[in-house]
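Engineer: Fold the following and give me the result.
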Amino acid sequence: MTEENAFEFQIHYHLKQEDLHQMDARVFNECERQLLDAFDIVKAFTGGYNIEIAPKKKGGLVEILVIPAITIIGYETIKNLFTALIQKFFSSTQTKLTNTKDRIEILEKIKSGNLTKEEAEILVDDPKIKKCVSNFFKSIDKENNVTNIDASAKAKGETEPFSSAQIVKVDFTKKILSDTILENKKEIVGTTIRILSPVLQQGHGKVWRGYYSAKPIDFKVLDKEFLKQVYDNEIKFGTNTVITCTLIISTKQKIENGEENEIKTEYAVKDVLKWEDDDTFQNYTKRYKKIKDDERQLNLFNPPKRKGE
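Structural biologist: Numbers count the residues shown, from 1 in each chain. A predicted model of the protein is given here:
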């Protein structure tokens with residue numbers, strides 16, 4: 001059974017002077033925009049509703065947002081979602097979520113009106129909402145007159161809020177997401193690359209082109225001994241030449257406002273052990289031969305023990 005409910009949200013910007021009731025208009029408008037954008041994201045979970053602004057109250061600067069009517073299955077469901085949103089924005093402490101519940105399953109539970117508080121927190125822990133929170137506090141942190149912010153949510157007609165939170169200025173920066181670049185490197189030993197375009201002469205570029213894992217890639221060769229063999233014309237390349245090598249794959253990701261975006265993936269051949277062209281020929285590099293010679297020398301000085309010794 002569906003219910004129609006109305007809700008009121010109050011955001012109270014406390015200012016340094018008690019009798020001061022104004023702040024930078026651009027800062028205020030940007031904060032309001034980010035908050036409304038977050039409500040729009042929640043709206044995508046619940047279905048449509050309108051947000052209206054009510055007359056401001058005295059005492060610092062108080063903004064009141066009203067949802068005059070929202071029809072949804074389950075009062076507790078919408079209350080849990082709005083509680084999660086208020087806490088995501090204005091709580092000084094943020095609980096790290098470890099639950100791995102499937103978001104699609106959780107969204108289905110909204111329709112049945114059985115959304116728990118924990119599931120609402122998972123839904124609101126959304127990269128887009130995190131971005132709104134970060135942008136809100138990037139803006140409000142510029143306003144020196146604001147000392148702290150109180151926020152609350154209540155059902156229309158009730159006197160007590162069902163959710164409230166407070167954050168002081170010193171904690172504003174904790175809400176701002178930093179932009180970082182993460183690099184992940186992995187080495188794959190003994191893999192193969194089919195050569196499409198080698199660099200045969202020194203000084204004619206550093207980037208080779210090959211076919212790896214069913215796709216073309218550009219890569220650098222770091223094996224100086226192998227490169228010397230190539231430049232000295234000791235290694236020939238045919239249409240199906242394949243090298244066996246150690247491949248370094250570096251993936252860079254930029255985390256911006258809580259969202260991960262892959263920038264690029266770079267490839268580099270660390271060691272080349274052999275090259276071959278179908279069944280026509282197969283040859284080992286000087287590096288590989290040296291590795292095997294070293295292993296044989298080591299075995300001469302450390303012969304395997306006989307049984308019973």
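
Engineer: I'd like to know how far residue 173 sits from residue 92.
Structural biologist: Residue 173 sits at a distance of 12 Å from residue 92 (criterion: CB to CB, to the nearest Å). The C-beta positions use only the backbone N, C-alpha and C, and glycine is treated the same way.

Engineer: Looking at these two, which is more packed in?
Structural biologist: Neighbours of residue 173 and residue 92, each counted by other CB atoms under 10 Å, are more numerous for residue 92; the result is 14 against 11.

Engineer: dump the residue contacts of that one.
Structural biologist: By CB atoms under 8 Å, 6 or more residues apart in numbering, residue 92 lies in contact with 165, 166, 167, 168, 171, 174.

Engineer: try 7 Å this time
Structural biologist: 167, 168, 171 (CB atoms under 7 Å, 6 or more residues apart in numbering).

Engineer: before we move on, what about residue 61?
Structural biologist: Residues near residue 61 by CB under 7 Å, 6+ apart: 13, 15, 21, 22, 23.

Engineer: the strands in the stretch 201-309 of the chain, which residues?
Structural biologist: Counting by DSSP state E, counting those that start in this stretch, the stretch 201-309 of the chain has strands at residues 207-212, 215-221, 241-256, 259-277, 281-284.

Engineer: what comes up buried for the third one?
Structural biologist: Spelled out, it's strand 241-256. For strand 241-256, burial by neighbour count (16 or more other CB atoms under 10 Å) applies to 241, 242, 243, 244, 245, 246, 247, 248, 249, 253.

Engineer: Tell me what angle it forms with strand 207-212.
Structural biologist: Here strand 241-256 runs at an angle of 100 degrees relative to strand 207-212 (axes from the mean of the first three to the mean of the last three CA atoms, to 10 degrees).

Engineer: And the strands of the stretch 201-309 of the chain, which one averages the lowest pLDDT?
Structural biologist: The minimum mean pLDDT among these belongs to strand 281-284 (a mean of 64).

Engineer: Pull the residues that contact stretch 192-206.
Structural biologist: 208-212, 216, 220, 230-231, 237, 240-245.

Engineer: Need the CA coordinates for that stretch. PDB is fine.
Structural biologist: Listed next in PDB are the C-alpha coordinates belonging to stretch 192-206 (Å, rounded to 0.1, in the frame of the first residue of the first chain):
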ATOM      1  CA  THR A 192      54.300 -13.800 -25.700                       C
ATOM      2  CA  ILE A 193      53.800 -10.800 -28.000                       C
ATOM      3  CA  ARG A 194      53.400 -11.100 -31.800                       C
ATOM      4  CA  ILE A 195      55.400  -8.300 -33.300                       C
ATOM      5  CA  LEU A 196      53.600  -6.000 -35.700                       C
ATOM      6  CA  SER A 197      56.000  -3.100 -36.000                       C
ATOM      7  CA  PRO A 198      59.500  -3.400 -34.500                       C
ATOM      8  CA  VAL A 199      62.000  -0.500 -34.200                       C
ATOM      9  CA  LEU A 200      65.000  -1.800 -36.200                       C
ATOM     10  CA  GLN A 201      67.400   1.100 -36.000                       C
ATOM     11  CA  GLN A 202      68.600   3.100 -33.000                       C
ATOM     12  CA  GLY A 203      67.300   6.600 -32.900                       C
ATOM     13  CA  HIS A 204      64.200   5.800 -35.000                       C
ATOM     14  CA  GLY A 205      61.800   5.900 -32.000                       C
ATOM     15  CA  LYS A 206      61.300   3.800 -28.900                       C
END
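
Engineer: What is the burial count for residue 87?
Structural biologist: The number of residues packed near residue 87 is 21, by other CB under 10 Å.
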